[in-house]
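>>> Pasting a predicted model and its sequence here:
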Amino acid sequence: MQCPACQNTDSRVLESRSADSGRSVRRRRECLNCDFRFTTYERVETIPISVLKKSGTKELFNRSKIINGLNRACEKTLINASKIEFIVDEIELELHQGVRKEIKTIEIGEMVLTHLKDINEVAYIRFASVYRQFDGINDFMKTLESLKPIKKEQLASVL
């Protein structure tokens with residue numbers, strides 16, 4: 001590692017610790033030539049993931065878009081910000097572990113719904129209504145029926 005002060009390439013590591021939730025390593029170093037101390041970060045290099053949108057355009061994967069959608073879907077539920085971060089981390093990890101480096105938005109949306117289905121039904125319905133572009137009550141009914149098998153009489157009494 002090259003010293004930022006004297007450009008010497010000989011340094012020693014004073015301290016190493018995990019950073020970015022275990023996704024990188026932070027190292028404190030000292031130059032063996034001038035004793036200047038500096039910090040470096042070591043990260044795994046990943047190939048960027050392209051997202052193919054419904055319109056046919058491509059853009060780089062942006063985790064903040066999923067976080068924003070989940071925040072809206074999870075408003076006034078018991079799902080907190082750390083749980084949302086965990087869901088997005090899981091989805092991002094799954095995408096990076098996959099063989100393909102181009103994925104459709106439909107597939108990402110389904111991944112989000114898979115996580116929400118087990119966590120909170122209200123957030124699931126909210127996310128599905130926007131993601132699947134519900135047109136009316138029939139779309140809501142189909143989604144509700146897929147969540148839990150309930151008798152039609154019970155469903156009619158709720159509505």
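Thanks, I have it.

>>> Going by C-alpha atoms from here, please, whenever you check contacts or count neighbours.
Will do.

>>> all helices of this protein, in order?
Using DSSP state H, the helices of the chain run over 63-73, 81-97, 105-119, 121-131, 137-147, 152-158.

>>> What is the burial count for residue 104?
By other C-alpha atoms under 10 Å, the residues close to residue 104 number 14.

>>> what residues are up against residue 144?
residue 125 (C-alpha atoms under 8 Å, 6 or more residues apart in numbering).

>>> quick one: it from residue 19, how far?
41 Å (C-alpha to C-alpha, to the nearest Å).

>>> Repeat that for residue 53.
33 Å.

>>> How about residue 109?
29 Å.

>>> Next: residue 62.
Distance from residue 62 to residue 19, by C-alpha to C-alpha: 21 Å.

>>> same question, residue 87
19 Å.

>>> show me what contacts the most centrally placed residue in the chain?
Nearest residue to the geometric centre of the chain (C-alpha atoms, centre = their mean): residue 88, 2.2 Å. Contact analysis of residue 88 by C-alpha under 8 Å, 6+ apart lists 63, 66-67.

>>> Out of those residues, give me the one that has the most neighbours.
residue 66 (18 neighbours).

>>> ok now do residue 74, which residues does it touch?
Residues near residue 74 by C-alpha under 8 Å, 6+ apart: 122-123, 126.

>>> Who wins on neighbours among the residues you listed?
Within the contacts of residue 74, residue 123 tops the neighbour count with 23 neighbours, counted by other C-alpha under 10 Å.

>>> ok, that residue touching residue 77?
Yes: look at residue 123 against residue 77 with C-alpha atoms under 8 Å: they come within range, at 7.4 Å.

>>> Low-confidence ranges, this structure, go.
Flagging of the chain using pLDDT under 70 yields the residue ranges 132, 148-159.

>>> Show me the domain layout of it.
Domain ranges of the chain: 11-43, 50-150, per automatic domain parsing.

>>> Many thanks, I have nothing further to ask.
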